[in-house]
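> Next come a sequence and a model predicted from it.
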Amino acid sequence: MGALDGFVEALRGGIEVVDLTQPLDEDTPVLKLPEPFVNTPGWSTRELSRYDDRGPMWYWNAFEGGEHVGTHFDAPVHWITGQGGEDVATVPPSRLVGPAVVIDKSAEVAADPDYLLTVDEVQAFEAEHGALPDGGWLLLRTGWDAYAHDQDAFLNADEHGSHTPGFSAECARWLADEAPVVGVGVETVGTDAGRAMELDPPFPCHALMLGAGKYGLTSLTNLERLPATGAVLVAAPLKLTGGSGSPCRVLAFVPAGAA
Ligand code: MN
């Protein structure tokens, strides 16, 4: 018996494969930075041929888009604290597959879009479900994926900036330095809260997690189909040489009937 025989058998019925990826197209919401910072282009696709004079037997497109558009992977080198660290092509593949836990704060976020996950809340989760997984992912369910089809609702900005949930600075520091996880995943446009510029340090999830050589996954969906513990996540960013991140297909293996 090979080590994967039971796994292959379970894929025929005992394991469900859940797609945690949002569709990527011209309507995919894009992060908006204030002046004077450079913004990223959104996603665009240009048809090359479609069984026509330009290519009678084939259909294909070219695309353009930022590394940080849609469901995507943040590599350590993305942030100044991680400069000199791994880029998206040098992340070891073993770090792209691992156990995932889901902390559901969708009720709290419905009451307060500026909600920030705290260390106490993560430790309360651990008291109920066990320690965060070594080499795994902490996924923060907020319900924000419901807005991913609408740029304005997804960014939820007013004159003070964007109002979307994330992690407290203390929590980001604890996850970066104390917890055994390799990364965090969120449903929002970035791993940090909309008002994270005001935290200390600014953008703590980026600064501390990427600075610790860990990773981020953004714009996830279908987290409600995952159990609190017991899923296995596969993050597959493009192997962009020197890339700071990449659009990413994110899949989860879930025991059938677990969620
Ligand atoms: Mn990013």
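Sure thing, it's come through.

> Number of residues surrounding the one residue in the stretch 1-150 of the chain that gets nearest to the ion?
Taking Cβ to the ion, the ion has its nearest neighbour within the stretch 1-150 of the chain at H68, 3.6 Å off. In this view, the C-beta of every residue, glycine as well, is placed from N, C-alpha and C. Number of residues near H68 (other Cβ atoms under 10 Å) recorded here: 21.

> same question, A89
14.

> again, but for the one 10 residues further on
P99 is flanked by 17 other residues according to other Cβ under 10 Å.

> Paired strands for the strand or helix carrying it, with orientation please.
P99 is part of strand 97-104, with elements assigned from DSSP states H and E. Strand pairing for strand 97-104, determined by DSSP bridges: strand 137-141 (parallel), strand 231-237 (antiparallel).

> Determine which stretch of these is the most buried.
Mean neighbour count (mean count of other Cβ atoms under 10 Å) peaks for strand 137-141 among these, with a mean of 25.

> got the contact list for that one?
Strand 137-141 is contacted by residues 98-106, 117, 122, 132, 165-167, 175, 179, 181-187, 217, 220, 223-224, 226, 233, 235 when judged by Cβ atoms under 8 Å, 6 or more residues apart in numbering.

> Just the buried subset of those, written out for PyMOL, thanks.
A single PyMOL command selects the buried members of these (16 or more other Cβ atoms under 10 Å):
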select buried, resi 98+99+100+101+102+103+104+105+106+117+122+132+165+166+167+175+179+181+182+183+184+185+186+187+217+220+223+226+233+235
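
> Would you mind listing what in the protein touches the ion?
68, 74, 245 (Cβ under 5 Å from the ion).

> So which of those belong to helices?
Counting by DSSP state H, these place none of their members in helices.

> With mean pLDDT added, can I get the strands paired with strand 97-104 in CSV?
Listed next are these as CSV, based on pLDDT from 0 to 100:
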stretch, mean pLDDT
strand 137-141, 99
strand 231-237, 98
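
> re earlier: helix or strand right after the strand holding P99?
Per DSSP H and E, the first helix or strand lying C-terminal to strand 97-104 is helix 106-111.

> Centroid-wise, who is the farthest residue in this protein?
Distance from the centre of the chain peaks at D53, with 40.4 Å (Cα atoms, centre = their mean).

> quick one, what contacts it?
Here D53 is in contact with no residue (Cβ under 8 Å, 6+ apart).

> Would you check how far apart it and G42 are?
To G42, D53 is 30 Å away according to Cβ to Cβ, to the nearest Å.
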